[in-house]
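1. give the three-dimensional model of this entry:
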Amino acid sequence: MVKLIQQFVSCCRAAGLRISTAEILDCLNQLQLIEVTNELQFRATLRANFAKSMREINHFDRLYHLFFHEMRVDAADVMQSEALAEQIRQVTNIIKKKPHDNPMFDAVVDFIAGNPLEFLKEMRRIQTASDSEVQPTRFNFGPLADRFNILIQITSTTAAIAQLLQDPSLDVSSTARNDLAVRFTQRFNTARSILLYEPRPGDKNTKKIKTYEQRLKELGERPFSSFTRQELEEMREAIDKLVRKLKNNVSRRFAVKHRGNLDVKKTIRCAARYGGVPVEIKYRNKPLRRSRIVTLCDVSGSVWAAARFMLNLLYSLQECFDKVNSFVFIDDLTDVTAVFEHNEINEAIRFVLEEADVHYNAATDYGVTLRHFQRDYMDLLTKKTTLIIVGDGRSNYMHPEDAILGQMRERCRRVIWLNPEPEQIWGTGDSEIKAYMHHCHEVRQCSNVNQLIAFIEELVL
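-> This is a model prediction of the structure:
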């Protein structure tokens, strides 16, 4: 164990980690207190003693994987290396005696033989070469040339060993030749992996800051059903800000008492109290026509995520409309208008989820819902009413009753259908959205917050 730790420390030092003798002794003492066959404990002990910062932790993990996994795959691998030790030494000694004038050739051969120190030192020198330069303008040609030189030596060594293993004069059995070929191939692949590895210390744990707007935009593109609890809170805050902005815009439309076109009749009439002098100027104050909203929200399964956001917005925007009538359904219609009018939004949604008369275990049936609305609530639809339906249109192969939707269209100003499903799957399976589309003024995909906000802005502004 002591020799193994010494070899690992030598590799770490060659790769640039600063490890003192006292730290090695502390590590050896601590290894006696743990179960060294437990890799989690073993690696944690080495990391605690040899890595002193977050940057060094990343470097240590790379070296640990290289030394204990890539160079020594497992216990069977170690035993096989010991069995082939003499043959590996014989082959590498023969390769080293071949004429060459490049010191990296010997470093590559040593790496193949199981001694990675010189190879790692050279890689360390290449990685830190640009830091030692003092020229005002730095180029990367030097390190690239050094890496290319190492690649050439790896290729030359590979070819030399492959040729030697096929030489019949080599005093090695055919089985050992095959084992050696596999062993050397693994080592060459490891050497290439180290050569191509470009360290970026600190990048892994660098915190990348995004602006609030960027964060909301990214969340806004996520499907409703994929939000975590924390992300739901973030989107609620964003929606609250949007609601306040829309309310301010709507209120400014109605605040026209002291500007606009002059109302001559009112001004003359008011001047009578001042002897015909127009002291008070009157302006035309024709308020904008407010519309009414009727919403039918499918709350079955994943559709509820979109319905929840829609009801949240409509609840907050009730001041922008004369009247908002809200209904939820699965197989039958439930009027929740009073719930949203007399309760805070979170309490209202909780009530709809837990206490409202909604059959959550039932199969969705749009036909029954439309028949119920036709029987009891048809009077809510007038030429000032915008009917908004939120749902995927999947009616479990029940009769869609699309003709009733046609009658509803004739009575109201607009019919808008918001479908949370991707448009590519509309009309597939039990989806009846194609039948309903003919009776709608607008059908649009609404599967994320950005699409929902764009719709609400168009609806209000």
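2. any low-confidence regions in the stretch 101-250 of the chain?
-> Scanning the stretch 101-250 of the chain for pLDDT under 70 picks out 124, 127-143, 197-213, 215-216, 225, 243, 246-247, 249-250.
3. now do the strands in it.
-> Secondary structure of the stretch 101-250 of the chain by DSSP state E, counting those that start in this stretch: no strands are present.
4. and if you look at the stretch 351-461 of the chain?
-> Here the stretch 351-461 of the chain has its strands, by DSSP E, counting those that start in this stretch, at 385-390, 414-419, 442-445.
5. export the ones you listed as TSV, with columns for mean neighbour count.
-> Every residue, glycine included, has its C-beta placed from N, CA and C. Shown next, in TSV, are the strands of the stretch 351-461 of the chain (neighbours: other C-beta atoms under 10 Å):
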stretch	mean neighbour count
strand 385-390	23
strand 414-419	22
strand 442-445	16
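6. nearest to D332, of the ones you listed?
-> Closest to D332 of the strands of the stretch 351-461 of the chain is strand 385-390 (C-beta to C-beta; 15.5 Å).
7. can I get that closest one in CSV? Just the C-alpha atoms.
-> This file holds the C-alpha atoms of strand 385-390, laid out as CSV (Å, rounded to 0.1, in the frame of the first residue of the first chain):
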residue,chain,number,x,y,z
THR,A,385,-68.4,37.8,-24.4
THR,A,386,-65.1,36.1,-25.3
LEU,A,387,-65.3,32.4,-24.7
ILE,A,388,-61.9,30.8,-23.8
ILE,A,389,-61.5,27.0,-23.7
VAL,A,390,-58.3,25.5,-22.3
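8. please identify which of the strands of the stretch 351-461 of the chain is closest to I19.
-> Ranking the strands of the stretch 351-461 of the chain by proximity to I19 (C-beta to C-beta) places strand 442-445 first, at 58.6 Å.
9. what's the offset of that closest one from the middle of its chain?
-> Centre-to-centre, strand 442-445 and its host chain are 27 Å apart (C-alpha atoms, centre = their mean, to the nearest Å).
10. test my guess that F8 contacts F67.
-> Yes: with contact defined as C-beta atoms under 8 Å, F8 counts as touching F67 (5.3 Å).
11. show me the helices in the stretch 251-400 of the chain, by range?
-> Using DSSP state H, counting those that start in this stretch, the helices found in the stretch 251-400 of the chain span residues 264-271, 303-316, 337-342, 345-354, 366-376.
12. among those helices, which is nearest S326?
-> Nearest of the helices of the stretch 251-400 of the chain to S326, taken as C-beta to C-beta: helix 337-342 at 5.2 Å.
13. what mean pLDDT does the closest one have?
-> Regarding helix 337-342, the rounded mean pLDDT is 82.
14. using CSV, list the CA coordinates for it.
-> The C-alpha coordinates for helix 337-342 follow below in CSV (Å, rounded to 0.1, in the frame of the first residue of the first chain):
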residue,chain,number,x,y,z
THR,A,337,-66.8,31.8,-10.4
ALA,A,338,-67.7,32.5,-6.8
VAL,A,339,-64.7,30.7,-5.5
PHE,A,340,-62.4,33.0,-7.5
GLU,A,341,-64.3,36.1,-6.7
HIS,A,342,-64.3,35.7,-2.9
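15. verify the stated contact: V352 with I330.
-> No: the pair V352 / I330 is not scored as a contact, 11.8 Å apart, by C-beta under 8 Å.
16. identify the contacts common to those two.
-> The contact sets of V352 and I330 overlap at 299, 358 (C-beta atoms under 8 Å, 6 or more residues apart in numbering).
17. hang on, the earlier thing: can you add distance to A176 and mean pLDDT and give the strands of the stretch 351-461 of the chain back as TSV?
-> Output for these, formatted as TSV (distance: least, C-beta to C-beta, whole Å; pLDDT from 0 to 100):
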stretch	distance to A176	mean pLDDT
strand 385-390	72	91
strand 414-419	68	91
strand 442-445	66	91
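18. turn the ones you listed into TSV, columns for distance to S174.
-> Below are the strands of the stretch 351-461 of the chain laid out as TSV (distance: least, C-beta to C-beta, whole Å):
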stretch	distance to S174
strand 385-390	73
strand 414-419	69
strand 442-445	66
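19. before I go, just wanted to say thanks for your time.
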